[in-house]
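Novice: Just a sequence and a predicted model for now, questions to come.
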Amino acid sequence: MKALLIESEGVSRFTDVAPQPLGKGDVRVAVRHVGICGSDLNTFRGLNPLVALPRIPGHEIGGEIVETGSGVSAEYRPGQRVIVLPYTSCGTCTSCRKGRVNACRYNRTLGVQQDGGLAEEIVLPAEKLLLNDTLDPRFLALVEPLSVGFHAVARGRVSSSDRIVVLGCGMIGMGVVIGAVARGAEVIAVDLSLEKTALAQQFGARHVINAGTEDVAARIVELTSDQGVDVAFEAVGLPETFRQAIDLAGFSGRVVYVGYAKAPVTYQTQMFNLKELDIMGSRNATQSDFQVVIDYLETIGDQAAPLISKVVPFEEAETALPYWDQHRDVLKVIVER
């Protein structure tokens, strides 16, 4: 079968791979839609330290059941559409024992620590598939990235009384915006891209700040009467935005790091203590986060369409990563088969 392989830095090409065997409890899925993630782009650009090349990318996957193995429940039937849970969990590490399987110490995400779903088909355990025949098939590939943002919102304990700032309005940051708006929070969205801040506003952000033309700190002072925000979310992954999140959070505020910096971050740490901040990391998403996002997408229907910037036919998948690398205002590229 055909699969897209990131062969080396800046090089993606089709390759032939052997079909995966179908074991007990497994389901064979015809891949129909794959969202290209920022981690995939970083892999393509040689900036993802978690990935060893060559690698088949893709963990934002919507597909259709083709075949089921022995021991699979009868509810999984050929022809049904599915959303893929792309993470693994060992069940024995400290995170798993605490029920936080999204942060499993030994997690192997599809397309990152193991080959992903940008292929004609993939074989997965049935428990890694969520059945869904109600969403638009293209929207199935939106569930995972939005869930990462919704999970960060849950980590930040966002409520309707909170004013929050989201640094970075890529797809994960957009998930934070949407998840926080859904909880009734007042959202301030920050990005260098006018297109992305406009989209954040379309999805409910109360205020937007263009980081390329405005003084972000001064605007936050203005918008919060110099109180700072209740929760600051970092969804960029740069040392300067990691530090900025600390500066923008108010006293007794919270900081949630969703992105991760590819370079060391140097802090003046006195504000950690003076503000008595809660500083949290956020990783992946849980099945319950997926379900909240599915419910949200089913509620808004076709209003989710602007979250997809470009759809690339599977036959042209070799162009998807180079295209996004050259058009950084793009929010989400989806490969469709």
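Specialist: The structure has been received and is ready for your questions. Residues are numbered from 1 along each chain as shown.
Novice: what's the average pLDDT for stretch 95-105?
Specialist: Over the span of stretch 95-105, the pLDDT mean works out to 97.
Novice: Can you give me the end-to-end span of that stretch?
Specialist: 7 Å (Cα to Cα, to the nearest Å).
Novice: Contacts for that stretch next, please.
Specialist: 87-91, 93-94, 151, 283-286, 289 (Cβ atoms under 8 Å, 6 or more residues apart in numbering). Where you see a C-beta, it was placed from the backbone N, CA and C, and this is true even at glycine.
Novice: Which of these sits closest to G228?
Specialist: The nearest member of these to G228, counting by Cβ to Cβ, is H151 at 23.6 Å.
Novice: Can you name the next helix or strand after the helix or strand that closest one falls within?
Specialist: Element membership of H151, judged by DSSP states H and E, is helix 143-155. Going down the chain from helix 143-155, the next helix or strand is strand 163-167, by DSSP H and E.
Novice: ok and that following strand relative to helix 143-155, angle-wise?
Specialist: Inter-element angle recorded for strand 163-167 and helix 143-155: 140 degrees (by axes from the mean of the first three to the mean of the last three Cα atoms, to 10 degrees).
Novice: Isn't R45 up against D325?
Specialist: Yes - between R45 and D325 there is a contact under Cβ atoms under 8 Å: 6.6 Å.
Novice: what are the ranges of the strands in the stretch 201-337 of the chain?
Specialist: Using DSSP state E, counting those that start in this stretch, the strands of the stretch 201-337 of the chain run over 207-210, 229-234, 249-257, 278-281, 310-313, 333-336.
Novice: Taking strand 163-167 as reference, get the angle to the longest one.
Specialist: To tie it back to what came earlier, the one meant is strand 249-257. Going by the same axes, to 10 degrees, strand 249-257 makes 50 degrees with strand 163-167.
Novice: So how do I select the buried members of the contacts of stretch 95-105 in ChimeraX?
Specialist: Of the contacts of stretch 95-105, the buried ones can be selected in ChimeraX as follows, counting by 16 or more other Cβ atoms under 10 Å:
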select :87,88,89,93,151,283,284,285,286,289
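Novice: which ones among the contacts of stretch 95-105 are found in helices?
Specialist: Residues of the contacts of stretch 95-105 located in helices (DSSP state H): T94, H151, D289.
Novice: Make sure the second one is actually in contact with S288.
Specialist: Think H151. No - H151 is not in contact with S288 according to Cβ under 8 Å; the separation is 9.1 Å.
Novice: Any idea which of the strands of the stretch 201-337 of the chain gets closest to E7?
Specialist: Closest among those, using Cβ to Cβ: strand 333-336, at 17.0 Å.
Novice: just the ones in helices among the contacts of stretch 95-105 now: which is nearest T109?
Specialist: Using Cβ to Cβ, the ones in helices among the contacts of stretch 95-105 come closest to T109 at H151, 13.9 Å.
Novice: for the closest one, what are its contacts?
Specialist: N102, S282, N284, A285, T286, D289.
Novice: Then G281?
Specialist: R155, V256, Y257.
Novice: again, but for V165
Specialist: V187, I188, A189, V190, I220, V229, V231, A232, F233, A245, L248.
Novice: Pull out the buried members of those.
Specialist: V187, I188, A189, V190, I220, V229, V231, A232, F233, A245, L248.
Novice: which pair in those spans the largest distance?
Specialist: V187 and A245 (14.8 Å).
Novice: hey, which helix or strand in the protein has the poorest pLDDT?
Specialist: helix 38-44 (a mean of 93; mean pLDDT, DSSP states H and E).
Novice: other SSEs contacting that helix?
Specialist: Applying 3 or more Cβ pairs under 8 Å, 6 or more residues apart in numbering; DSSP states H and E, one finds that helix 38-44 contacts strand 2-8, helix 320-326.
Novice: Just want the angle from the next helix or strand after that helix to helix 143-155.
Specialist: Downstream of helix 38-44, the first helix or strand assigned by DSSP H and E is strand 60-68. Strand 60-68 and helix 143-155 meet at an angle of 120 degrees, taking the same axes, to 10 degrees as the criterion.
Novice: that older thread, dump the strands of the stretch 201-337 of the chain into JSON lines; add mean pLDDT and distance to G25 as well.
Specialist: JSON lines is the format used below for the strands of the stretch 201-337 of the chain (pLDDT from 0 to 100; distance: least, Cβ to Cβ, whole Å):
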{"stretch": "strand 207-210", "mean pLDDT": "98", "distance to G25": "47"}
{"stretch": "strand 229-234", "mean pLDDT": "98", "distance to G25": "37"}
{"stretch": "strand 249-257", "mean pLDDT": "98", "distance to G25": "35"}
{"stretch": "strand 278-281", "mean pLDDT": "98", "distance to G25": "32"}
{"stretch": "strand 310-313", "mean pLDDT": "98", "distance to G25": "33"}
{"stretch": "strand 333-336", "mean pLDDT": "98", "distance to G25": "28"}
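Novice: Burial-wise, tell me which of those strands comes out on top.
Specialist: The highest mean neighbour count among the strands of the stretch 201-337 of the chain, using mean count of other Cβ atoms under 10 Å, belongs to strand 229-234: a mean of 28.
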